[in-house]
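Undergrad: next input, structure requested:
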Amino acid sequence: MAQPAQGPMTAEANASSALGLLMLAFAGTTLPAPMRERLAGQPAAGVTLFRYLNVGGAAELRALTDDIQRLAPDGLPFVIALDQEGGQLAALGPDATPFAGPMALGAVGDADLARRVAEAIGRELRAVGVNVNYAPVCDLATSSANRSLGVRGFGDDPDRVAPLVTATVEGLAAAGVAATLKHFPGGGEAEADPHHELPIVRASAERFAQRELLPFAAGIRSGARLVMTGHPAVPALTGDERPATVSRRVVTDLLRDRLAFDGLAISDALDMGAMPQGAEQGAGSIAALVAGQDLLLLSADDEQRRRIEDAVLRAAADGMLPPARISAAMRRVAQLRASLQPARGDPALVGSAPHRALAAEVAARAVTLLRDVDGLLPVRLTADRSVGVLMPRPADRTPADTSAAVAPALAAAARRRHPRVAELLIPQAPAASDIAAAVAWAADHDLLIVGTIDASFEPGQADLVRALLATRRPVITVALRTPWDLAAYPQSGTHLCTYAIQPPSLEALAAVLWGEAPAPGRLPVATTGT
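TA: Numbering: from 1, shown residues only. Below you'll find the predicted structure:
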C-alpha cells in the first residue's frame with residue numbers, strides 16, 4: 001500500500017530538484033529575506049552577482065558571499081559567479097585591481113602575462129568568496145560593428161587568441177576559481193546587440209570550424225569547467241534562426257559530442273532581448289534545458305524568476321523535460337559544486353600593490369602607436385604652453401559594461417608631466433553645440449590630446465575630431481576603447497590606442513606621449529584607415 005503513495009512523492013521531488021539547475025540573482029549588497037528563504041528552502045545551483053546590484057567594497061562582498069554559503073542545504077558550496085573580464089566589464093567593484101581587458105592583453109600577445117593577470121584576478125575573486133568567473137571571452141573580435149563585444153575579445157586571429165584563452169583558464173584555476181568560456185559557438189561577427197535583439201551570424205560552418213571554434217577548443221583542452229552559450233542565431237550550424245542557446249545542434253551535438261566537453265553548459269542571461277521574453281520566457285528556458293543546457297542564468301527580476309521556475313517545475317513534472325536530461329545536468333552541477341574551493345585570503349588582497357603593479361605592466365605593454373606622421377611625439381612643450389585634454393565622459397555603452405564606474409583620468413596623467421593642462425569632458429554623442437564649444441575652448445591651447453570612445457558608433461565624436469583638426473592646432477588622437485576609431489577620422493596624423501580607460505592605461509599613455517616609454521603594443525585586430 002505504501003508503494004503507490006511513494007511514486008507521486010518521488011515524481012514531485014524529481015520535479016523540484018530541477019530547480020537546482022538555476023543560477024539565481026537578486027538586488028542588494030546584503031541578502032534579502034525572500035532570497036534567503038529561497039536559497040535555504042528550495043534547490044538552486046547558486047547565484048550570479050552583478051556590479052551595480054550586489055557589489056560594494058571587498059570586505060562587504062566577502063560578508064555577502066559568506067552569508068550565502070551558510071545557507072547551502074546539501075553540504076555542497078553554492079556556485080557564486082560574476083563577470084570579472086577586466087576593462088569594459090569588471091564586476092568586482094571599486095576595490096578591485098583596474099586591469100585593462102582582453103584586447104589590451106591581445107595587443108601585448110604574451111600568454112605568460114595573461115596567465116599572471118588571470119591568477120591575480122582569481123586570487124581577488126577567491127578572497128571575496130567568488131568561485132566561478134564568467135570569463136574568458138572566446139569570441140573573435142572580427143567586426144567593428146559588434147557593439148556588445150568590442151574590447152572584450154582578445155583579437156581577431158584564432159591562433160593568437162587561443163593561447164590567451166588557455167592562459168586565462170589556467171591562471172584562474174591556479175587561484176582556485178573556475179573559468180567559463182563564452183559565448184559559444186562564437187558571436188564575433190554579430191552586428192546586433194543580443195541584450196536588445198536577436199543577432200544573426202551568417203558565417204559558414206567551415207568558418208566556424210576553422211576560426212570561431214578554435215579558442216573554445218583550446219579552453220576546453222586546458223580544463224575549463226563551464227561553457228556559456230551565446231544567444232545569436234547561427235543558421236549554418238543549426239539550420240534555423242533561433243538563438244544558439246536553445247539549439248541541440250549547438251549545445252549537444254557540437255559542444256558535447258564534437259568538442260568532447262563534459263563540464264557545465266550554462267546559458268547567457270535569459271532576460272536578454274535575443275531570447276523570448278514575457279509569457280514566452282518559460283518555454284524558451286525549457287527549450288534551453290532540453291537542448292542540453294545544465295544551468296540557466298536568471299536575472300534579479302523576481303517575476304521573471306518565478307515564471308521560469310514555474311515552467312521548469314511543470315516541464316519536469318509532465319515529462320517535457322526528460323528525467324534523464326535532469327539527471328545528467330544535476331550530475332554536472334553536483335560535480336562542479338563539489339570541486340569548488342572555499343573563500344581564501346583577506347579581502348585586503350583585492351587591489352593590492354603587487355596586483356596594481358601587474359595592471360601597470362599590462363597597460364604599458366599594450367599602448368599601440370598607429371601613426372605619427374605629424375611628428376608630435378614625444379611631446380616637447382615649454383612650461384608656459386598649454387595642453388588641452390578632451391575625452392568623452394565614461395558611460396556604459398551596452399549592458400555588458402561597467403565603464404560608467406571609471407573616473408576620467410587622462411588629464412590627471414598629463415598633469416603629472418606638464419604644469420598647464422586643462423580638461424574638457426564631452427558627451428558620448430556630442431551635438432553640434434558641444435562641438436562648437438570644444439572648438440572655441442581649443443583656441444586657448446597649444447596642443448590638443450583628444451580621446452575617443454567607440455567613435456565608429458558615435459559620428460559626433462568623429463565630427464569633433466575633424467573640427468579640431470581643421471583648427472590647424474597640433475592634435476594627438478587616442479582610441480581609448482576599440483581600435484577601429486581611426487577609420488572614423490582618418491585625417492588624424494598622430495594616433496594611438498590604449499584599449500582601456502582605466503587609470504593604469506591612461507598613465508601608460510601619458511608616459512608614451514611624453515617620451516618616458518615606448519609604445520610596444522601591436523594591433524590585435526584588422527583596421528582600416530591605418
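
Undergrad: got the contact list for the helix or strand encompassing L61?
TA: L61 belongs to helix 58-69 when assigned by DSSP states H and E. Residues outside helix 58-69 that contact it (Cβ atoms under 8 Å, 6 or more residues apart in numbering) are 29-31, 39, 46-47, 49, 54-55, 77-78, 80, 92-93, 95-96, 124, 127-130, 342-343, 347-348, 350-351. For the C-beta atoms, the positions are set from N, CA and C on the backbone; glycine is no exception.

Undergrad: can you list the domains in the protein?
TA: The record's domain parsing of the chain by automatic domain parsing lists 2-349, 367-513.

Undergrad: export those as JSON lines, with columns for distance to A357.
TA: Below are the domains of the chain laid out as JSON lines (distance: least, Cβ to Cβ, whole Å):
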{"stretch": "domain 2-349", "distance to A357": "9"}
{"stretch": "domain 367-513", "distance to A357": "9"}
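
Undergrad: distance between the next helix or strand along the chain from the helix holding L61 and the chain's centre?
TA: Using DSSP H and E, the next helix or strand after helix 58-69 towards the C-terminus is strand 79-82. Centroid displacement of strand 79-82 relative to its chain, using Cα atoms, centre = their mean, to the nearest Å, is 14 Å.

Undergrad: which helices and strands does whichever strand or helix holds V161 pack with?
TA: Per DSSP H and E: V161 is located in helix 158-174. Helices and strands touching helix 158-174, by 3 or more Cβ pairs under 8 Å, 6 or more residues apart in numbering; DSSP states H and E, are helix 102-108, helix 111-127, strand 178-184, helix 213-221.

Undergrad: for I266, find the nearest of the ones you listed.
TA: The closest of the helices and strands packed on helix 158-174 to I266 is strand 178-184. By Cβ to Cβ, the value is 6.9 Å.

Undergrad: quick one: the closest one to helix 158-174, angle?
TA: Taking axes from the mean of the first three to the mean of the last three Cα atoms, to 10 degrees, one finds that strand 178-184 is oriented at 150 degrees with respect to helix 158-174.

Undergrad: buried residues, the next helix or strand after strand 178-184. List them.
TA: Per DSSP H and E, the first helix or strand lying C-terminal to strand 178-184 is helix 205-207. Neighbour-count burial for helix 205-207, counted by 16 or more other Cβ atoms under 10 Å, picks out R207.

Undergrad: now D66: how far from A91?
TA: Separation of D66 from A91 (Cβ to Cβ, to the nearest Å): 18 Å.

Undergrad: those two: who's more crowded?
TA: Each of D66 and A91 has its neighbours counted (other Cβ atoms under 10 Å); A91 has more, 25 against 13.

Undergrad: tell me who's in contact with the more buried one.
TA: By Cβ under 8 Å, 6+ apart, the contact list for A91 reads L49, F50, R51, V55, L82, D83, Q84, T402.

Undergrad: just to check, T398 is in contact with R147?
TA: Yes. Contact criterion Cβ atoms under 8 Å: T398 and R147 qualify, at 5.9 Å.

Undergrad: what is in contact with these two at once?
TA: By Cβ under 8 Å, 6+ apart, T398 and R147 have these common neighbours: D193.

Undergrad: and the helix holding V161, how far from the chain's centre?
TA: Counting by Cα atoms, centre = their mean, helix 158-174 is centred 15 Å from the centre of its parent chain.

Undergrad: follow-up on the earlier one: out of the contacts of A91, list just those in helices.
TA: Of the contacts of A91, the ones assigned to helices by DSSP state H are R51.

Undergrad: going by distance to A311, which of the contacts of A91 wins?
TA: Nearest member of the contacts of A91 to A311, counting by Cβ to Cβ, is F50, at 22.9 Å.

Undergrad: L296 contacts L21, doesn't it?
TA: Yes. The criterion here is Cβ under 8 Å, and L296 meets it with L21 at 6.2 Å.

Undergrad: G451 belongs to a strand?
TA: Yes. Assigned with DSSP: H, G, I helix; E, B strand; the rest coil, G451 falls within a strand.

Undergrad: please tell me how far it sits from I501.
TA: For G451 relative to I501 (Cβ to Cβ), the value is 8 Å.

Undergrad: what do the two both touch?
TA: Any residue near both G451 and I501 by Cβ under 8 Å, 6+ apart counts here, and that gives L480.

Undergrad: where does S144 fall, helix, sheet strand or coil?
TA: Going by three-state DSSP, the secondary structure assigned to S144 is coil.

Undergrad: now render the domains of the chain as TSV, adding mean pLDDT.
TA: Putting these into TSV (pLDDT from 0 to 100) gives the following:
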stretch	mean pLDDT
domain 2-349	93
domain 367-513	96
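
Undergrad: L523 is nearest to which of those?
TA: It's domain 367-513; of the domains of the chain, that one is closest to L523 (Cβ to Cβ) at 5.9 Å.

Undergrad: give me the element S505 is part of.
TA: helix 503-513.

Undergrad: contacting residues around that helix?
TA: So helix 503-513 is contacted by 98-100, 104, 356, 359-360, 362-364, 366-367, 369, 377-379, 406-407, 409-410, 412-414, 416-417, 449, 476, 478, 480, 496, 498-499, 517-519 (Cβ under 8 Å, 6+ apart).

Undergrad: at 6 Å instead, please
TA: Residues outside helix 503-513 that contact it (Cβ atoms under 6 Å, 6 or more residues apart in numbering) are 98, 100, 359-360, 363-364, 367, 379, 409-410, 413-414, 417, 498, 517, 519.

Undergrad: would you mind checking these for buried ones?
TA: Buried members of these, counted by 16+ other Cβ under 10 Å: 98, 100, 359-360, 363-364, 367, 379, 409-410, 413-414, 417, 498, 517, 519.

Undergrad: closest one of these to L424?
TA: L410 (10.8 Å).

Undergrad: for that closest one, which residues are in contact?
TA: By Cβ under 6 Å, 6+ apart, the residues touching L410 are V389, M391, G451, L506.

Undergrad: again with E85
TA: E85 touches G101, A135, R152, counting by Cβ under 6 Å, 6+ apart.

Undergrad: go on, G284?
TA: With Cβ under 6 Å, 6+ apart, G284 has these contacts: M275, P276.

Undergrad: now whichever strand or helix holds it - C-alpha only, CSV.
TA: In this assignment (DSSP H and E), G284 forms part of helix 281-291. Taking Å, rounded to 0.1, in the frame of the first residue of the first chain, the C-alpha atoms of helix 281-291 are listed here in CSV:
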residue,chain,number,x,y,z
GLN,A,281,10.2,33.1,-21.4
GLY,A,282,9.3,29.9,-19.7
ALA,A,283,9.1,28.0,-23.0
GLY,A,284,12.4,29.4,-24.0
SER,A,285,14.0,28.3,-20.8
ILE,A,286,12.7,24.8,-21.2
ALA,A,287,13.9,24.7,-24.8
ALA,A,288,17.4,25.6,-23.5
LEU,A,289,17.4,22.8,-20.9
VAL,A,290,16.1,20.2,-23.5
ALA,A,291,18.9,21.4,-25.9
